[in-house]
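Colleague: got a predicted structure here, sequence first:
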Amino acid sequence: MKARLPQGYGGGPSNMQGVLRQAQKMQEQMGTLQADLDAREYEFTVGGGMLTIKINGKKQIQSITLKPEVVDPDDIEMLQDLIVAGVNEAVSSVEKTNADEMGKITGSLNVPGMF
């Protein structure tokens, strides 16, 4: 007894070509989107405006700007903590944005190595 599969399912050559075309189209869209994401620039302000971090989509810090009043020679540790927190927030936000945007193309497909 032979099982019948619904139309569009099965291993016929035309179905495989369609799957390959779809995969190629998705790959092209992902490449275009990745270039766009890499070119984006973000700005994050933390510590009540005391620290501003500019970062690009490749997660490279472009600049860090400090307000003079945050620089206290007697409390270097607070400044260090503020910078670490700001950089971590900036990187996490860029990663989330990249993943969300890529997810619009890939759906639930997990594509390793994209980020």
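Modeller: Thanks, I have the structure now.
Colleague: CA only for contacts and neighbour counts going forward, please
Modeller: Fine.
Colleague: where in this protein is pLDDT low?
Modeller: Applying pLDDT under 70 to the chain flags the ranges 1-13, 108-115.
Colleague: other SSEs contacting the lengthiest helix in the chain?
Modeller: Longest helix in the chain by number of residues (criterion: DSSP state H): helix 76-106. If you count contacts as 3 or more C-alpha pairs under 8 Å, 6 or more residues apart in numbering; DSSP states H and E, helix 76-106 packs onto helix 13-39, strand 41-46, strand 51-56.
Colleague: what about 7 Å?
Modeller: If you count contacts as 3 or more C-alpha pairs under 7 Å, 6 or more residues apart in numbering; DSSP states H and E, helix 76-106 packs onto helix 13-39.
Colleague: ok, residue 54 touching residue 46?
Modeller: No: the pair residue 54 / residue 46 is not scored as a contact, 11.6 Å apart, by C-alpha atoms under 7 Å.
Colleague: what's the angle from the longest helix of the chain to helix 13-39?
Modeller: Here the directions of helix 76-106 and helix 13-39 differ by 150 degrees (axes from the mean of the first three to the mean of the last three C-alpha atoms, to 10 degrees).
Colleague: what's the angle between helix 76-106 and strand 41-46?
Modeller: Relative orientation of helix 76-106 and strand 41-46, computed by the same axes, to 10 degrees: 140 degrees.
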